[in-house]
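Novice: My questions concern the predicted model and sequence given below.
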Amino acid sequence: YRKHEWDKHGTCAATLEVLNSQKKYFGKAIELYQHVDLNGCLLKSGIKPSSSYYKMTAIKEALTRFYGVTPKIQCLPPEEGETAQTIGQIEFCFTKELQLVNCTALEGRSSLVQAHSKLGTSELSVCNDTLPTYYPSEVQ
């Protein structure tokens, strides 16, 4: 898994001195992950992994208010007979200087570093703002 992540993302990031080795790349990823502290931020807004549902707009607003930038949130669509989507991935974007930046401002450009956590799935799509949203404990 680590080799895949390095081959796919790390070798691109290696043009930056701060990320130019596997050790630096994964070390910085862990540092950014801890700095972002997604669960802590959402908890402060009363949003916690649970079996209850939240509004996607409330989740987005909490994250944007806390971090000052808009992350990219992807969901698993509702399963057969269900009405709620499930958060599958929350992605924060950084400039080459590793400053948080709106993910929406960088779409189509490759000069960003992404810190994300996700469920192991390929069915993710952009979350629907109108559907009830389940925040599972697996997303960190």
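Specialist: Looks like it came in fine.
Novice: Quick check: what element follows the lowest-mean-pLDDT helix or strand in the chain along the chain?
Specialist: Sorting the helices and strands of the chain by mean pLDDT, DSSP states H and E puts strand 113-118 at the bottom, at a mean of 49. The helix or strand immediately downstream of strand 113-118 is strand 125-126, counting by DSSP states H and E.
Novice: and that next one, what other elements does it pack with?
Specialist: Counting contacts by 3 or more CB pairs under 8 Å, 6 or more residues apart in numbering; DSSP states H and E, strand 125-126 is packed against strand 72-76. Every C-beta, even on glycine, is put in place using the N, C-alpha and C of the backbone.
Novice: And the strand it packs on, how far out from the chain middle?
Specialist: 8 Å (CA atoms, centre = their mean, to the nearest Å).
Novice: The next helix or strand after it packs against which elements?
Specialist: For strand 72-76, the following helix or strand on the C-terminal side (DSSP H and E) is strand 85-94. Using 3+ CB pairs under 8 Å, 6+ apart, the elements in contact with strand 85-94 are helix 22-36, helix 56-67, strand 72-76, strand 100-101, strand 113-118, strand 132-134.
Novice: from the chain's centre, how far out does the shortest one sit?
Specialist: Right, strand 100-101. On CA atoms, centre = their mean, the centre of strand 100-101 falls 12 Å from the chain's centre.
Novice: And for it, what's in contact with it?
Specialist: Applying CB atoms under 8 Å, 6 or more residues apart in numbering, the contact partners of strand 100-101 are Tyr67, Gly68, Val69, Phe92, Cys93, Phe94, Thr95, Leu112.
Novice: Out of those residues, grab the one that's most surrounded.
Specialist: Phe92 (25 neighbours; other CB atoms under 10 Å).
Novice: gap between that residue and Ser21?
Specialist: Phe92 sits 22 Å away from Ser21, taking CB to CB, to the nearest Å as the criterion.
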